[in-house]
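# Coordinates only, no sequence provided:
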């Protein structure tokens, strides 16, 4: 009997080796190696890499539990599926990229380090007395505290998923301040940060952690409701706004900036930084199309709308589409509606980035529009729903030149409901007709979606001096077609009145195609126009370097 049991156990052991022996764990926890109090780095090919070592899973159980449910568990599944997809694309296209094949066969490495909140590439793995080279392998730095880990893991992991997909860097990129969700940055930053940000929103939606739910519902948070209404990024209000205002799409509206003539030095810098991080919005004034597509708050809202659209989630493709994402035989349980929409978005992003690699554009265009056009090309059955989600999220600004005026008038009508109910009802009926007509036209001809986007007009302002998180900035790039009033006031001699007139003219006449057009508008004086010409040349010269 004892011999029989031993034989059975041996065969079970062999079976485990056969079935599971070649499988790698979905993730491996790491920690930095320290030499005394200093983190250890080793040089390789002229570059310094951190020395990391594995942590046993029994030491990180609270964090492992977080990875078993909700959005963290979902994003982990997407990690493996995306890597499988990339590996299969490499094989199908005969690229014979052995380096990429090795990289994407790796598990997800998670380095727990105090203050960690970013994806990275390249490290050395300490394995006993050996150091394994992982200099091309991606990993993610995360805080070791479970509560902080859950709050940001999916956000930063979302960035890592984009790292896997994107292999092209635009040679011409604007110099902007560190992004914030409310600021207008540029098309590329807004697209990538919006993707990560919407993962954070999904995390809060899907969590089973009652403490997190209470935090975002203001339950049992005595006194914190006061901070919710303060327009200060450093108060408790920031977390609420990132969640609630993305879902409510408040970032699509213009900000109420604080403008003062004659500020110089530190006073000017403080005023600029306040406006850059400002969360105070005007409910009746829309951003223009370039501003919306350069704001991660708007971008994250659109991604969120697509990720939660039931029609998109539940409209499945043929089984062959999903095979590239899996390394096993598929079952119906493997592809939930939520995974379904994410796999379609991942496929569209991957092929969009491949287009960029082939065409090699010098600077990022409106990336979200490129993504939408690629998505509906690949998945024509989703076309109408995707176009509708995008148009409603951007308030038709990319296709209607007078979208801002239409919304402004509608906002006025809404406030007149009690005064003139019949007139308001009639006006909103007309508005619905305009919206429906526009949607039908765009669904019939998707090129109309880009009708009112225009091209950015970047300049380089070397007279802008500031300090951001300890980093000294010697210049800033400004898109004259997307710049807010406070940014225009970095141009020497620009007054509040001129900045407002500039924006008003741009809104009515449309985007500027050149500095010459701005000169002809007659808003700025001769000295300011000459300065703009110099700034434009500086930007173009920097892009050539």
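Sure, I can see it. The structure displayed is predicted, hence computed values, not measured ones.
# what ranges do the strands span in this protein?
Counting by DSSP state E, the chain has strands at residues 27-32, 34-35, 38-39, 41-44, 47-54, 108-112, 118-127, 130-142, 253-255, 281-286, 458-461, 466-468, 471-473, 476-479.
# In contact with the residue lying closest to residue 81 once chain neighbours are set aside, which residues?
Leaving aside its chain neighbours, residue 81 sits nearest to residue 325 (4.1 Å; criterion: CB to CB, 6 or more residues apart in numbering). Where C-beta positions appear, they are placed from N, C-alpha and C, glycine not excepted. Going by CB atoms under 8 Å, 6 or more residues apart in numbering, residue 325 touches 81, 82, 84, 85, 343.
# For the closest residue in space to residue 117 that isn't next to it in sequence, grab the count of nearby residues.
On the basis of CB to CB, 6+ apart, the spatially nearest residue to residue 117 that is not a chain neighbour turns out to be residue 152, at 5.3 Å. Residues lying near residue 152 (other CB atoms under 10 Å) number 18.
# Residue 152 reaches residue 145, doesn't it?
No: using CB atoms under 8 Å, residue 152 makes no contact with residue 145, being 10.7 Å away.
# which other residues reach stretch 101-110?
With CB under 8 Å, 6+ apart as the test, stretch 101-110 has contacts from 24-30, 52, 76, 79, 83, 86-87, 90, 123, 134, 136-140, 142, 157, 160, 164.
# where does this protein have low pLDDT?
The model of the chain has pLDDT under 70 over residues 1-25, 95-98, 218-238, 467-471.
# One more pass at 80, please.
1-25, 57, 93-101, 214-241, 328, 330-332, 465-473, 545 (pLDDT under 80).
# picking that back up, residues in contact with the residue nearest to residue 117?
117, 142, 143, 200.
# Next, check the residues you listed against the helices and list the overlap.
Among these, DSSP state H puts residue 200 in helices.
# biggest separation within the contacts of residue 152, which pair?
Farthest pair in the contacts of residue 152 (CB to CB) is 143 and 200. Separation: 14.5 Å.
# higher neighbour count, the two?
The neighbour comparison of residue 143 against residue 200 (other CB under 10 Å) goes to residue 200, with 24 against 19.
# Please name the nearest non-neighbouring residue to that one.
Residue 200 sits nearest to residue 155 (CB to CB, 6+ apart), 4.0 Å away.
# so how far is residue 83 from residue 334?
To residue 83, residue 334 is 16 Å away according to CB to CB, to the nearest Å.
# ok, the two, which is more surrounded?
For residue 334 and residue 83, the more surrounded residue by other CB under 10 Å is residue 83, and the numbers stand at 21 against 14.
# returning to what we had before: closest one of the contacts of residue 152 to residue 175?
Nearest to residue 175 among the contacts of residue 152, with distances taken as CB to CB, is residue 117, at 22.9 Å.
# Residue 309 touches residue 341, doesn't it?
Yes: contact status for residue 309 versus residue 341: in contact at 7.2 Å, counting by CB under 8 Å.
# returning to what we had before: ok, the residue nearest to residue 200 - contacts?
With contact set as CB under 8 Å, 6+ apart, residue 155 has these partners: 196, 197, 199, 200, 203.
# Nearest to residue 485 among the residues you listed?
Taking CB to CB as the measure, residue 485 sits nearest to residue 197 out of the contacts of residue 155, at 25.1 Å.
# residues near the closest one, how many?
Residue 197: 26 surrounding residues under other CB under 10 Å.
# Do me a favour and get the backbone dihedrals for the closest residue to residue 480 other than its chain neighbours.
Distances taken as CB to CB, 6+ apart place residue 457 nearest to residue 480, at 4.4 Å, with adjacent residues excluded. When read as degrees, to the nearest 10, the backbone of residue 457 gives phi -120, psi 90.
# Can you get me a residue count around residue 457?
Around residue 457 there are 22 residues (other CB under 10 Å).
# how close does the closest residue to residue 363 other than its chain neighbours get to residue 105?
Closest residue in space to residue 363, ignoring its immediate chain neighbours: residue 172 at 4.1 Å, by CB to CB, 6+ apart. Separation of residue 172 from residue 105 (CB to CB) stands at 34 Å.
# and the closest residue in space to residue 157 that isn't next to it in sequence, how many neighbours?
Residue nearest to residue 157 in three dimensions, not counting chain neighbours: residue 75, with 4.8 Å by CB to CB, 6+ apart. Neighbour count for residue 75, taken as other CB under 10 Å: 24.
# can you pull the contacts of residue 75?
Applying CB under 8 Å, 6+ apart to residue 75 gives the contacts 153, 154, 157, 158, 161, 199.
# Is residue 339 in contact with residue 80, as I believe?
No: assessed by CB under 8 Å, residue 339 is found out of contact with residue 80, at 11.4 Å.
# Next up, phi/psi of the closest residue to residue 481 other than its chain neighbours, please.
Using CB to CB, 6+ apart and skipping the chain neighbours, the partner closest in space to residue 481 is residue 511 (4.4 Å). Main-chain torsions, residue 511, degrees, to the nearest 10: phi -70, psi 150.
# So residue 511 sits against residue 451, correct?
No: proximity of residue 511 to residue 451 does not meet the contact threshold set by CB under 8 Å, at 11.9 Å.
# which of the two has more neighbours?
Using other CB under 10 Å as the criterion, residue 511 and residue 451 rank with residue 511 on top: 21 against 15.
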